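K.L.:
Coordinates for the following, if possible.
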Amino acid sequence: MIQALTPREIVAELDKYIIGQHEAKRNVAIALRNRWRRMNATPEMQTEIMPNNILMIGSTGVGKTEIARRLAKLANAPFLKVEASKFTEVGYVGRDVESMVRDLVEQAVSMIKTQKKEEVKLKAEQAVEDAILDLLIPPLSAKPNKKSSKKSSNSDIFDLQNAENLSSAEDIELNEKTRAKFREKLKNKELEDKKVEINIPQSFSANIGLVGPVGMDDSSMQGIHDMISGMIPKNGKKRKLTIAEARKYLIDEESSKLIDMEDVKTEAVKKTEDAGIIFIDEIDKIARPSGKSASGGDVSREGVQRDLLPIVEGSAINTKYGVVNTDHILFIAAGAFHVSKPSDLIPELQGRFPIRVELQGLSKNDFIQILKAPKNSLTKQYFALMESEGVSIEFEDSAIEKIAEIAFNVNAEVENIGARRLHTVMSTLLNEFLFDIPDVITKGTTIKIDSELVDKKLSSLVKNKDLSRYIL
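P.N.:
Residues are numbered from 1 along each chain as shown. Prediction:
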């Protein structure tokens with residue numbers, strides 16, 4: 001079920017990770033809430049309400065991809081990011097646009113499998129505990145008297161009056177006590193480093209590439225892959241693993257046995273159709289700049305646009321999990337549009353992205369907030385990295401302002417790559433510390449970053465005019 005967050009709640013959640021871009025956040029929040037509204041509309045109207053696909057326009061690093069990714073997490077929805085420039089027109093060698101829908105279904109299947117496995121986790125853990133216990137201490141069972149299988153007056157137990165069977169009964173009792181003791185050790189994780197031998201089935205590698213005729217789609221290739229996989233014997237291979245390693249593998253295997261894959265496939269297709277989000281990046285790369293005559297690659301790029309059109313409009317795509325209708329998948333396209341303009345896309349495709357949002361460039365103050373405010377800010381990330389070694393790092397406000405100023409100036413003088421510039425500036429500032437931990441900078445040390453230190457470490461970036469040699 002699509003999460004029922006209100007538009008204001010969605011924006012508030014996005015604000016925790018993304019600075020600024022309020023107009024873009026408002027539009028994606030409305031688009032997400034509209035999905036919930038459609039699912040709660042009358043049945044006859046549910047099929048009529050179409051998603052308002054969004055076109056984001058803005059330079060690299062201003063938050064286009066992050067907005068779409070965080071939106072998908074909020075919605076607990078299958079999410080796929082693709083680059084429009086990687087697709088080719090039907091009939092050419094390369095990926096066809098329908099493959100994005102197949103990849104989205106794969107994401108949905110993975111999500112549903114994870115959810116289903118979580119539901120049966122306790123049952124799987126119990127079965128795995130029994131299996132590991134059997135490997136450590138195989139169970140014994142009572143054997144009937146070889147001369148007679150006659151039962152005693154108590155019909156539920158074998159006659160154990162002779163010496164042989166009495167010995168077996170004692171062994172069984174000792175075995176059960178030992179198993180109980182080891183079960184307790186397993187529960188308390190006291191045997192995690194002990195090794196056991198388990199059988200791991202051999203399977204046809206999904207990474208083996210298959211080359212088919214030009215024009216054969218991904219679905220047909222997958223069918224060939226599955227057919228070959230079915231012909232290869234699944235002989236197991238014995239491997240010695242620690243109990244900790246074996247438990248992870250066996251729980252995953254046991255969980256897979258406990259879930260119904262047909263239910264997974266059905267739910268995955270449904271989730272893809274109702275909640276799927278496809279983020280098409282670099283859509284400006286397949287637009288032909290106005291005034292330029294169509295030739296060569298321009299014709300092919302226009303062909304990709306025409307291939308995209310039926311998918312965005314709504315069509316039925318064959319996948320290995322069944323037919324997927326794209327009518328209600330939310331498409332978010334994005335591009336910098338430095339060379340071309342949104343109006344250079346073919347008119348039919350323009351009409352399928354009715355919501356246009358222009359994202360603003362980032363200011364120095366935005367950089368300061370990006371370094372301080374988000375839950376996953378760079379300063380917090382570096383704090384977590386160093387904390388894992390027992391080293392603490394503190395940033396003074398003056399240092400953060402200086403870092404933001406340098407990143408902003410480098411963007412202005414070299415090439416504006418938005419917030420990504422902060423990653424390279426912070427890396428230049430802190431890499432020497434990261435190299436010295438833990439050999440030189442030992443556990444318990446606190447590193448203080450002030451504006452003077454920032455000036456010292458980044459002075460070469462400020463003074464050197466050819467900044468591109470320092471910044472990726």
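K.L.:
quick one: stretch 443-463 to chain centroid distance?
P.N.:
In terms of Cα atoms, centre = their mean, to the nearest Å, the centre of stretch 443-463 is set 35 Å apart from its chain centre.
K.L.:
can you pull the contacts of the nearest residue to Lys195 once chain neighbours are set aside?
P.N.:
Excluding its sequence neighbours, the residue lying closest to Lys195 (Cβ to Cβ, 6 or more residues apart in numbering) is Lys240, at 4.9 Å. Backbone N, C-alpha and C define where each C-beta goes, glycine included. Residues in contact with Lys240 (Cβ atoms under 8 Å, 6 or more residues apart in numbering) are Lys195, Val196, Glu197.
K.L.:
Direction included, what does the helix or strand harbouring Lys240 pair up with?
P.N.:
Using DSSP states H and E, Lys240 sits in strand 236-242. Counting by DSSP bridges, the strands paired with strand 236-242 are strand 195-201 (antiparallel).
K.L.:
And the partner strand, how far out from the chain middle?
P.N.:
In terms of Cα atoms, centre = their mean, the centre of strand 195-201 is set 29 Å apart from its chain centre.
K.L.:
How about stretch 255-275?
P.N.:
The chain centroid and the centroid of stretch 255-275 are separated by 17 Å under Cα atoms, centre = their mean.
K.L.:
now stretch 398-409
P.N.:
Distance of stretch 398-409 from the chain centroid (Cα atoms, centre = their mean) equals 32 Å.
K.L.:
again, but for stretch 317-336
P.N.:
Here stretch 317-336 is found 18 Å from its chain centre; the criterion is Cα atoms, centre = their mean.
K.L.:
What's the mean pLDDT across that stretch?
P.N.:
Averaged over stretch 317-336, pLDDT sits at 93.
K.L.:
now do stretch 72-89
P.N.:
Rounded mean pLDDT across stretch 72-89 is 87.
K.L.:
which of the residues in it are buried?
P.N.:
Using 16 or more other Cβ atoms under 10 Å as the burial criterion, the residues of stretch 72-89 that qualify are 72, 74-75, 77-82, 84, 87-89.
K.L.:
Quick check: the farthest pair among those residues?
P.N.:
For the buried residues of stretch 72-89, the farthest-apart pair by Cβ to Cβ is Leu74 and Glu89; their separation is 34.8 Å.
K.L.:
Show the contacting residues for Ile10.
P.N.:
Taking Cβ under 8 Å, 6+ apart, we find Ile10 in contact with Lys25, Val28, Ala29, Leu32, Arg33, Leu71, Leu74.
K.L.:
same thing but at 6 Å, please
P.N.:
Applying Cβ atoms under 6 Å, 6 or more residues apart in numbering, we find Ile10 in contact with Ala29, Leu32.
K.L.:
Relative to the whole chain's centre, how far out is the strand holding Lys240?
P.N.:
29 Å.
K.L.:
Now it: average pLDDT?
P.N.:
For strand 236-242, the mean pLDDT works out to 81.
K.L.:
quick one on the thing from earlier: show me the beta-bridge partners of the residue nearest to Lys195.
P.N.:
Beta-bridge partners of Lys240, as defined by DSSP bridges: Glu197.
K.L.:
From Val196, how far off is it?
P.N.:
Lys240 sits 7 Å away from Val196, taking Cβ to Cβ, to the nearest Å as the criterion.
K.L.:
Show me where the stretch 1-150 of the chain dips below the pLDDT cut-off.
P.N.:
1-3, 89-94, 141-150 (pLDDT under 70).
K.L.:
now the strands: where do they sit in it?
P.N.:
54-57, 79-83 (DSSP state E, counting those that start in this stretch).
K.L.:
and what of the stretch 351-472 of the chain?
P.N.:
355-358, 392-395, 446-449.
K.L.:
So for the residue nearest to Val454 when sequence neighbours are not counted, what's the pLDDT?
P.N.:
Among residues not flanking Val454 along the chain, Lys402 sits closest, at 4.4 Å (Cβ to Cβ, 6+ apart). The model reports Lys402 with a pLDDT of 92.
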